[in-house]
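# This is the structure alone, sequence omitted:
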């Protein structure tokens, strides 16, 4: 009996130790929140219910509310240092520093420059500062009550120590990842009560698989990059949230701001049910990259404007050495989103992929689809184009000087601009029916209905979305990565103006905004894309004729979407 | 009728041929590793040349530096080591206890239980992938080390092998121990286990290897950066740098070396364990 | 046994029962939760159309009906069988050859053996990466070697016809080490008296092998065949790293198809039905193998 009893005792002891380690659940600490209220036109300010008279009340300038500097800093417990020489107010709270100079529209927050709509100024001898800017830069929240003309600022030191964490899963790597990381760092520094945590994933496929797994495990990120069809898939669960309540909420977007988005990009934020789930933040389209040195050597003076010209150029740019080995192709294709390029070409030839309700396939026997597919097929057969289906193998060919042209999105710039040859960027060639290029990159969605996220976190997630899609960050983003800026006013931002002025070819993607082909925002499109990709592979590998291959592709896609 | 001289000659020729064939096969099998190392030392613009260079004329360590900077490999090594060691130790403990019971203790339902355990071997891992994922989610173990360790805390292979060993121990040992007043547990610990050392080493190495090279399961149950395992991290690296062959080779080299070194030290036991274990009958 | 037990004996029986159950409890608990229970859960899930995040519609046998009529599923089964039929015999033959060669009183046996065994212990992802490079149709080593001997290049992993053979090549390279060890051990256990007796009877090397050695090692051969067949069906990592199921699904094995449906399309109910289908096929295959080879296995 002894040994069995001892064993039982040991097991029980282990269980107790085990569970006591797990048992500690930190109780929700009561946050001490400071509430500050000021009224437009009244000379009073209230802090936690105690009203004091102010020598200067709150005013509105340029649509922004300005409040007395000392009042707000004292109420929040910040330290104020006035530099009379430069007329700069230096505000410090915990680790955060703000520098506001009188009548200067640029302020500094933790070493970052922030543009202000209404600068700090002096009224009646008292310094007033933009309240929303100061509050948010110190980690507080602001709310505007239009009826009472009241601004409410809420603040808690706890929010600075327990920041609202926003996990953001995206597929930005290498140079793109660096830009994203830098911009995120800037957001986190200028919004000290929030912390966006990036998780870059190697590829879009891996990203959507990861999200699916996380959704199934009921543990999704708060923000994620997602293509329209991915969002449609995720949306069939309850965790994806619509964005209207945030757009129309206290920190929302004004009508003017919404109108400032490029309409085609803004519309892309809706799914088939008409509701808005996505924000356009990382949009791109397909362009033609070409090796100018090879073009010059072959006597071609400009990039092809039509697909027929493209075919002719490919023939001229193909070279074999004296032993008969091929050393150069006109273009390399096959790995960088072949299905999206194909969709672009079919549209350029006047064809359609799906019908308006996305439940019927239209390309099965369409002449446009046949012509578009046949073009590449013939070029591949004649070896004027190199079919390279390995991951980014076509880009590798282009970089190694083996192909003169490469069809990929605007974002490929940082991957192909390696200084080995003179790089050229041009819009996609046009087909008989006009110009068409696929809109790519995806949008950003918020899993705001997931129970694990607090309201603070969701508000922070929205704040990031709003900030990232605002004109200046979009201008910086577009200038550094080549992505299309989501806001029209970004085009006036000096950073982007300089980037485009430095190389006007960088506008190639932007100039195609009126020719965009939007992918069907339905869940079945994800599986359809795989079928199209493998169908194209079968055609280009020569396993089926173009006509037969297209028919099979159409049948496969029909089976998926026509449920 | 061959003369003695002639048959000696042919024997010698045979022997040379034998070594030649073995050497050729050996080179063919080991070549990818040589190639891995060579490629990792080449500058990136050389690795896509045709024809490929068999010897790195411009050897450089830059690829190792670049690949190492890509991710917190040390942390991933730590994670993988932790998971491998933990699951190995735990599964050894549970398997040896159970095997001992099946071999040496007469208890009610032993036959039925053992048959049940055997039947588990029939169920392939692919079949249990999705339900295990659900079970992990229900237990709240998603994205935790528990999910990586506990499902592997029992091993049918281990139970089976150790049971063979324990069954081959003479009954007199137990009877003698009982006379000395030893409890079952004491007997298990001080006499049975040490005798089964060869089997234990084999099972331990097998379990460690399986854990180190696991891929699908960690992909499914972990998501945080800080819990990544080596194989999964290497695949991520591949996805992000799909044409950077020199760097990829470097990463492959430094993720492979630890296990090769470890194996070098334990190869004899492992090979003896596989080869000598009860396969006949 | 109808004689009554003495109190002392009864105490021993109780002690033994408790000890027995206690000792086996940790193992059986884990096995129950993570292998036995899932078998029932997967059956349950297979009756639904679910994405595990809210949609859970009962469809009864609907998933199985879809499975039976699914070209993709049966295609994956055929491909997996093709892979098994290709890789298992090749792996067994090659490893047996190596084992026989090494067994012939070769010096430095440990060294050679280690070399053949290294591929088996190195992580699949790492070795898949280097083979991706070797298989590259443009600048990979294999095509360079073919070019060197004047043969035309192959597209290896990039073409539907050659992709699966390329996978077989890789898998064989990876797996032979294990079987080499098994065979070497088995060969060393063949009693030399039998071999000598055969030689005295005038049998040539080949006949000795076929009539004496081969039957004597048949349990090991059988063991290796079973192990390799089962692992052929489970194969996932190589497909995920090397081809992602392509080109044109030519390397989509059932294991990969299962994963695609579950974590790629969020169709967990259907994927569960696929899991069960996979299990049935493996089971039938094992039964078949046992029947076919059962008579030929000689247990000395």
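On my side now, so go ahead. Please read these numbers as outputs of a predicted model, since none were measured by experiment.
# what about the chain, any weak spots by pLDDT?
Let's take chain A. Applying pLDDT under 70 to chain A flags the ranges A:1-31, A:236-237, A:563.
# wrong chain, I was asking about chain C
C:1-3, C:205, C:293-300.
# Of all residues in it, which one is closest to chain A?
residue C:53 (2.9 Å; C-beta to the nearest C-beta). Using the backbone N, CA and C atoms, a C-beta is placed for each residue, glycine as well.
# helix, strand or coil for residue A:59?
Using DSSP: H, G, I helix; E, B strand; the rest coil, the structure places residue A:59 in strand.
# So it versus residue B:184, what's the distance?
According to C-beta to C-beta, to the nearest Å, residue A:59 and residue B:184 sit 87 Å apart.
# next one: residue A:188
Residue A:188 is 60 Å from residue B:184, by C-beta to C-beta.
# What's the local residue count around the residue of chain C closest to chain A?
A count of neighbours around residue C:53, defined by other C-beta atoms under 10 Å in any protein chain shown, yields 23.
# Residue B:105 now?
20.
# residue closest to the middle of chain B?
In chain B, the C-alpha nearest the mean C-alpha coordinate belongs to residue B:209, at 1.7 Å (C-alpha atoms, centre = their mean).
# pretty sure the residue of chain C closest to chain A contacts residue A:233?
No: if you go by C-beta atoms under 8 Å, residue C:53 and residue A:233 don't touch, sitting 10.1 Å apart.
# what residues are shared contacts of the two?
residue C:266 (C-beta atoms under 8 Å, 6 or more residues apart in numbering or on different chains).
# can you give me the strands in the stretch 301-450 of chain A?
Remark: strands assigned in the stretch 301-450 of chain A by DSSP state E, counting those that start in this stretch are A:319-320, A:326-333, A:385-387, A:403-409, A:423-427, A:437-440, A:443-446.
# which residues does residue B:149 contact?
B:83, B:86-87, B:90.
# can you tell me the helix or strand for the spatially most central residue of chain C?
For chain C, the residue nearest the mean C-alpha position is residue C:231 (1.8 Å; C-alpha atoms, centre = their mean). Assigned by DSSP states H and E, residue C:231 falls within helix C:218-234.
# and that helix, which residues are buried?
C:218-226, C:228-234 (16 or more other C-beta atoms under 10 Å in any protein chain shown).
# list the helices and strands the following helix or strand past it packs on?
Going down the chain from helix C:218-234, the next helix or strand is helix C:237-238, by DSSP H and E. Judged by 3 or more C-beta pairs under 8 Å, 6 or more residues apart in numbering or on different chains; DSSP states H and E, the packing partners of helix C:237-238 are helix C:124-135, helix C:160-188.
# Please see if the first one touches chain B.
So the one you mean is helix C:124-135. Yes: interface with chain B: helix C:124-135 contributes C:124-127, C:129-134 (C-beta under 8 Å from any C-beta of the partner chain).
# Now neighbour count and distance to residue B:162 too, for these, in CSV please.
Shown next, in CSV, are the residues of helix C:124-135 next to chain B (neighbours: other C-beta atoms under 10 Å in any protein chain shown; distance: C-beta to C-beta, whole Å):
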residue, neighbour count, distance to residue B:162
C:124, 24, 28
C:125, 26, 31
C:126, 28, 31
C:127, 23, 31
C:129, 27, 36
C:130, 25, 37
C:131, 27, 36
C:132, 22, 39
C:133, 25, 42
C:134, 23, 40
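# ok, so of the contacts of residue B:149, who is nearest residue B:239?
Nearest to residue B:239 among those: residue B:83, at 22.1 Å, using C-beta to C-beta.
# Residue B:145 is in contact with that closest one, correct?
Yes: counting by C-beta under 8 Å, residue B:145 is a contact partner of residue B:83 at 6.5 Å.
# the more surrounded of those two?
Between residue B:83 and residue B:145, residue B:83 has the larger neighbour count (other C-beta under 10 Å), namely 22 against 15.
# re earlier: between residue A:188 and residue B:184, which one's more packed in?
Between residue A:188 and residue B:184, counted using other C-beta under 10 Å, the more crowded position is residue B:184 (25 against 18).
# thought that one was touching residue B:107?
No: Residue B:184 lies out of contact with residue B:107 (C-beta under 8 Å); the separation is 11.1 Å.
# what is the rounded mean pLDDT of stretch B:84-92?
The average of the pLDDT scores along stretch B:84-92 is 94.
# Buried by neighbour count: which residues of it qualify?
Quick answer for stretch B:84-92 (16+ other C-beta under 10 Å): B:84, B:86-88, B:90-92.
# now, which of those residues lie within strands?
In strands, judged by DSSP state E, none of these are found.
# Dump the residues you listed into a markdown table; add distance to chain C as well.
Listed next are those as a markdown table, based on distance: C-beta to the nearest C-beta, whole Å:
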| residue | distance to chain C |
| --- | --- |
| B:84 | 12 |
| B:86 | 13 |
| B:87 | 11 |
| B:88 | 14 |
| B:90 | 8 |
| B:91 | 8 |
| B:92 | 11 |
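# Identify, from these, the entry nearest to residue B:176.
Nearest member of those to residue B:176, counting by C-beta to C-beta, is residue B:92, at 26.0 Å.
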